[in-house]
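**Student:** Sequence unavailable; structure follows:
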């Protein structure tokens, strides 16, 4: 039964990725100097995600739409990011946006709607 469940989940994940690919919105276009500024501002943002998670896909779509250069960290397939998410973020939940602030503090933002709202407000 467990194998069947995993197979079904994998197939559904592939469908989600395909639909995401064919319906992906065009990214915003910025002047080169404005894009360089946005790239500098996103340098300290990291997205912990699972490749097939629908909520992570939703967040990655917003990142793509806003033309943000945010490093993605696969917390399912990379033990380093998995451990970092749990130990520093405090829980094993994705998507999670790690926000390093200028004063050295780090905020861990969970929930796709909250992450997307943050990104839209800051970069939209």
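**Tutor:** Nice, I can see it. What you see is a predicted model, and the numbers here were worked out from it, not measured in a lab.
**Student:** For the helix or strand where residue 16 lies, enumerate the helices and strands it packs against.
**Tutor:** Per DSSP states H and E: residue 16 is located in helix 2-23. Counting by 3 or more Cβ pairs under 8 Å, 6 or more residues apart in numbering; DSSP states H and E, the packing neighbours recorded for helix 2-23 are helix 54-65. The way it works is simple: take the backbone N, C-alpha and C, and place the C-beta from them, glycine included.
**Student:** can you list contacts of the following helix or strand past the helix it packs on?
**Tutor:** Using DSSP H and E, the next helix or strand after helix 54-65 towards the C-terminus is strand 71-74. By Cβ atoms under 8 Å, 6 or more residues apart in numbering, the residues outside strand 71-74 that reach it are 45-51, 60, 81, 84-85.
**Student:** list the buried ones in strand 71-74?
**Tutor:** For strand 71-74, the neighbour count (16 or more other Cβ atoms under 10 Å) marks 72-74 as buried.
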